[in-house]
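Asks: dropping the sequence and predicted coords here.
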Amino acid sequence: MNHSVYTLLIVESPVLASAIREVAPQSIYPIATGGYCWFPAYNATKNNLTPKANPDKIEVRRELKEQAQWANNIIIATDSDPSGDFIAWSVAKFLKIPVIRRAQLQNLSKAGIIQMLEEARETDLTYLESTLKNLFLIQSNWQKEKSLPDIDLSGLAVLFGTSGYFTHFLDENNTLFSSSAPVYCETDEWIPIRPSLEQQYKIVEPLSTFNLIEQTVSHSITKGYNDAQVLLQRLFQTVLPGTKQSLISYPRSSANAFYGQTWVNFRTQFLQASLDGELKPNFLQETAPLEEPHESIYPFDLTLKPEDAAGELISSLGDLYTLIYSHTVNAITIPDSAEKTFENDLKPEVYFYPVTKGYKNTGEHTLRPCYTVADMGKNLYELGVCRPSGFGEKLDSWIVKKWVSIEGTIVNPLQPVKTLGNRAAGLKQKLIDLKSLENRISLLPETVHAVITS
């Protein structure tokens, strides 16, 4: 792409637009919508979606129209979630131009912005409108069905009331264990384990948003989960005043893996930073497919160590950067040996190990499955109940509503969730069937109604 061509770049956040303006080529003109310039107006009877103008955004719409007349290229870089999709779709309808391109911003650097421009792809507005209508159709039908509980509450009931794949477990004394691979079991199943004689390693995966929100609170960087998400977004939007250097990659991701090119960059930066340890060989690397919209969260430049950035960051941002940096280094290097490991006779390919050091029990005992905050977020995302972009806010609301409680990183269901236990299997099937309908080009209201009332 010719970077001298005047490009109108549309983003959501004014802070993000300002940061882009600092580092992008002068031919790039960023405009922030500041949220919804139009509100979604959905008619459930006609299955019709229209944009309703936000009266507080008249000036933004005027600037969009004016700049679009001069731009040779228009790129929309909003989030790949329902709100970001709606903003992209409503802007495209407003500008009434034949081709609008869409891109994902991975990091706030000049190189990152140029890469984004080069990777921008044409947006299929018909498909985008169809998937948005599908989501509204599903949500409105679910809400209208009075026999169904709230969809978030339903998702929690499914997690704690049906069998599934678990990677965390508690022993009889509530000591937290990890497994080397997901184990399929019932929520109330006890798994007998015995000491293993083989040398095994701890599993350290790259950070998703779900992992990072959990760790930000568990490390006491913030008290609330939404505060953790807000702080994470602030760190992404922060550019160091002196060097104009970006700090971390895109902060809203469900992935626990990196793109192949990112691994290549890690190798170069790892050597330049003279870090301890040895990078994982190719067969151990968690590699994300290119069609994944975002990879895991990581420091944009490993040569920028936390102690070097600390002087230019407020303490909470510095603490969060340190957390991301140290975890990423652990995730990309050959892992440490597990102090003690255990095995189960029926699952010989899996080993279990205590998360913290100094575990005393070296005999045979049992484990029961549990969900950490990150586990819960990932599983609810797979059910279509929540997304990385709104996880912190939802989690805080579930705590306030007394749907769940959290001890350390472990999530416990409370009475409203437990009460739905006998309906969990049916709710799970509905959520799975509805998620399979989300991307249909022509989804009929009667199809959704049939699934919801089945």
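Replies: Arrived safely.
Asks: which residues sit in contact with the closest residue to Lys223 other than its chain neighbours?
Replies: Nearest-residue entry for Lys223: Val217, 7.1 Å, with adjacent residues in sequence omitted and distances by Cβ to Cβ, 6 or more residues apart in numbering. Where C-beta positions appear, they are placed from N, C-alpha and C, glycine not excepted. By Cβ atoms under 8 Å, 6 or more residues apart in numbering, the contact list for Val217 reads 223-225, 228, 373.
Asks: what about Gln429, how many residues nearby?
Replies: 14 (other Cβ atoms under 10 Å).
Asks: that one looks like it's in a helix, true?
Replies: Yes - membership of Gln429 in a helix is supported by DSSP: H, G, I helix; E, B strand; the rest coil.
Asks: in three-state terms, label the residue nearest to Lys223 for me.
Replies: Val217 - assigned by three-state DSSP - is helix.
Asks: ok, and the most crowded of the contacts of Val217?
Replies: Ala228 (27 neighbours).
Asks: that one against Phe391, yeah?
Replies: No - Ala228 lies out of contact with Phe391 (Cβ atoms under 8 Å); the separation is 9.5 Å.
Asks: tell me, what's touching the two both at once?
Replies: Ile213.
Asks: hey, what's the nearest residue to Gln67 once chain neighbours are set aside bridged with?
Replies: With Cβ to Cβ, 6+ apart as the criterion, Gln67 has its nearest non-adjacent residue at 5.0 Å, and that residue is Leu8. Beta-bridge partners for Leu8, by DSSP bridges, are Tyr29, Ile74.
Asks: report the contact partners of Leu8.
Replies: Contacts of Leu8 (Cβ under 8 Å, 6+ apart): 29, 31, 64, 67-68, 71, 73-75.
Asks: got any ranges where the protein has weak pLDDT?
Replies: 1-4 (pLDDT under 70).
Asks: top helix in it by residue count?
Replies: Criterion DSSP state H: the longest helix present in the chain is helix 125-144.
Asks: most neighbours out of the contacts of Leu8, which is it?
Replies: Top of the contacts of Leu8 by neighbour count (other Cβ under 10 Å): Ile75, with 23 neighbours.
Asks: report the contact partners of that one.
Replies: 7-10, 100-103, 116-117, 120.
Asks: what segments of the stretch 101-250 of the chain are strands?
Replies: Ranges of strands in the stretch 101-250 of the chain, per DSSP state E, counting those that start in this stretch, are 101-102, 121-122, 164-171, 176-185, 191-195.
Asks: out of these, which comes closest to Glu438?
Replies: strand 101-102 (18.3 Å; Cβ to Cβ).
Asks: what does the closest one rub up against?
Replies: Against strand 101-102 from outside (Cβ under 8 Å, 6+ apart): 73-78, 88, 120-123.
Asks: rerun at 7 Å
Replies: For strand 101-102, the external contacting residues (Cβ atoms under 7 Å, 6 or more residues apart in numbering) are 74-76, 88, 120-123.
Asks: among those residues, the buried ones, what's the PyMOL command?
Replies: Selecting only the buried entries of these in PyMOL, with 16 or more other Cβ atoms under 10 Å as the criterion:
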select buried, resi 74+75+76+88+120+123
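Asks: and the helices in the stretch 151-300 of the chain?
Replies: 151-161, 209-218, 225-237, 260-272 (DSSP state H, counting those that start in this stretch).
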